[in-house]
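[1] A predicted structure for the sequence below; I have some questions about it.
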Amino acid sequence: MLEKINSLIAEVDSLVANNADEIEALRIKYLSKKGAITALMADFRNVPAEQKKEIGVKINELKNKATEKLNALRASFETTDTDCGIDITRTAYPVALGTRHPLTIVKNEIIDIFSRLGFSLAEGPEVEDDWHVFSAMNFAEDHPARDMQDTFFVEAHPDIILRTHTSSVQSRVMEKQQPPLRIICPGRVYRNEAVSARAHCFFHQVEGLYVDENVSFTDLKQVLLLFAREMFGEDTKIRLRPSYFPFTEPSAEMDVSCTLCKGEGCSMCKGSGWLEILGCGMVHPNVLELNGIDSTKYKGYAFGMGIERITNLKYQVKDLRLFSENDVRFLKEFEAAN
Ligand code: DAH
């Protein structure tokens, strides 16, 4: 038995391996439950008492040598892996994912709903001229919205302004394209307002425009009803109230049944059961003509909504400033909606 142990010690001393798999195979061969060394230990029972001490010491020596040798072989591979500075066996760092901004989530949802209704996307510049924002949209020369109190002007260029609404994109599209037109235009708009919980100097809108032959107010109402149901739930009701905008005639404002109390009356809808969400109407014939479209042949409808407003109603955000502060705790609250 002594001879066998000695030859195993010599064998273990000269072990080589080329990779982790070969090391594992050696571990199994010598040190596992069915390995050569474990078998020797089982035989130890049959060793005569007077040899037990000597053989016991040798078996221990063999076992220690085998363990050390395998550890040394393993270490030699680990150092090879990190030689180039990269430990390819190391667990990767966890990747922390961000979340989409709530306004992006809601904007995408609006785009998705109108895409399914056949609307395509259009965009226009945020730094605009007076023509596209006001004149082409049938604002009278002395209309109060042109006032410095509402509009940001580019210094030294009284004609260049930051757009106050996305309706300017209506004009940008009509001047280039003849009907049929069916577009939605999401984007940022600016107004000269003091920043508070309920007002901001910039916010976001989505504009809609549909121009074709035989377009009626009923078409507008149907599309808006579909939109409201998709956005706020199947049981949502809408109501249209007469209103005024220079670029539509007739004009209306649309309310949806309160998203919180379902029309019962609560603090969010101030007891009325209704929440205003957008402005709309039939495109004013002047707007069609000003933008190169024959108003005797074509009619259209348009609508415009605030993305912040809709987000507030869906998620009960109480303070507009939260949208632009980039507080990660606020943004993380929308993780589930991503
Ligand atoms: N531009 C309007 C605003 O900023 C919103 C609006 C109302 C857009 C009626 C429209 C519309 O297209 O038809 O308040």
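    Nice, I can see it.

[2] can you pull up the bridge partners for the residue of the stretch 151-300 of the chain found nearest the ligand?
    Of all residues in the stretch 151-300 of the chain, the one sitting closest to the ligand is G279 (2.7 Å; CB to the nearest ligand atom). No exception for glycine: its C-beta is placed from N, CA and C like everyone else's. On the basis of DSSP bridges, G279 is bridged to E253, G304.

[3] Use 47 as the first number for this chain going forward.
    Shifting the count to begin at 47 puts that one at G325.

[4] And it, how far from F349?
    7 Å (CB to CB, to the nearest Å).

[5] what does D258 give?
    Taking CB to CB, one finds D258 at 15 Å from F349.

[6] For these two, indicate the residue with more neighbours.
    F349 (23 against 15; other CB atoms under 10 Å).

[7] all helices of this protein, in order?
    With helices called from DSSP state H, the chain shows them at 48-59, 66-76, 82-89, 95-128, 148-162, 176-179, 213-220, 263-278, 331-336, 353-361, 368-371, 374-378.

[8] Would you check how far apart D89 and M47 are?
    Distance of D89 to M47, given as CB to CB: 7 Å.

[9] nope, V374 is what I meant
    According to CB to CB, V374 and M47 sit 69 Å apart.

[10] ditto for D133
    43 Å.

[11] Who has more neighbours out of these two?
    Set side by side, D133 and M47 give different neighbour counts by other CB under 10 Å, the larger being at M47 (15 against 11).

[12] Skipping its backbone neighbours, what lies nearest the more buried one in space?
    Excluding the flanking residues, the one nearest M47 by CB to CB, 6 or more residues apart in numbering is I101, at 6.0 Å.

[13] you'd agree S214 is up against H178?
    Yes. Between S214 and H178 there is a contact at 4.2 Å, judged by CB atoms under 8 Å.

[14] who's more crowded, those two?
    Neighbour count, other CB under 10 Å: between S214 and H178, S214 has more, with 27 against 21.

[15] That one: what's it in contact with?
    The contact partners of S214, by CB atoms under 8 Å, 6 or more residues apart in numbering, come to 170, 174, 178-179, 182-183.

[16] Also K360?
    Contacts of K360 by CB under 8 Å, 6+ apart are 152, 277-278, 305.

[17] which one in those is the model shakiest on?
    When the contacts of K360 are sorted by pLDDT, the bottom entry is T305 at 87.

[18] Could you measure from that residue over to D365?
    18 Å.

[19] who has more neighbours, those two?
    When neighbours are counted by other CB under 10 Å, T305 and D365 differ, and T305 comes out ahead with 22 against 12.

[20] I'd say that one and D281 touch.
    No. At 10.6 Å, T305 and D281 do not qualify as touching, with contact defined as CB under 8 Å.

[21] any idea which residue sits dead centre in the protein?
    By CA atoms, centre = their mean, the chain has its centre lying nearest to R146, at 2.9 Å.

[22] how about the contacts of K360 in TSV, adding distance to the ligand?
    Supplementary listing: those in TSV, determined by distance: CB to the nearest ligand atom, whole Å:
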residue	distance to the ligand
V152	17
M277	17
F278	19
T305	21
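
[23] Which one (most neighbours) among those residues?
    V152 (26 neighbours).

[24] quick one: the residue lying closest to it once chain neighbours are set aside from L61, how far?
    The shortest distance from V152 to any non-neighbouring residue, by CB to CB, 6+ apart, is to T357 (4.6 Å). Going from T357 to L61 by CB to CB gives 67 Å.

[25] of the two, who's got more company?
    The neighbour count for T357 versus L61, taken as other CB under 10 Å, is higher for T357 (23 against 17).

[26] Do I have it right that the more buried one meets L149?
    Yes. T357 is within contact range of L149, at 5.9 Å (criterion: CB under 8 Å).

[27] any residues in contact with both of the two?
    Counting by CB under 8 Å, 6+ apart, the shared contacts of T357 and L149 are F369.

[28] Show the backbone phi and psi for the closest residue to G317 other than its chain neighbours.
    Sequence neighbours aside, G311 is the residue nearest to G317 in space, at 4.3 Å (criterion: CB to CB, 6+ apart). G311 adopts backbone torsions of phi 110, psi 120, taken as degrees, to the nearest 10.

[29] ok, G311 - how many residues close by?
    14.

[30] my guess is it meets L321, correct?
    No. Under the contact definition of CB under 8 Å, G311 does not touch L321, with a separation of 11.7 Å.

[31] overlap in contacts of the two?
    C304.

[32] related to what we said a few turns ago, need the contacts of K360 in JSON lines (columns: distance to V93).
    Output for the contacts of K360, formatted as JSON lines (distance: CB to CB, whole Å):
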{"residue": "V152", "distance to V93": "81"}
{"residue": "M277", "distance to V93": "85"}
{"residue": "F278", "distance to V93": "86"}
{"residue": "T305", "distance to V93": "85"}
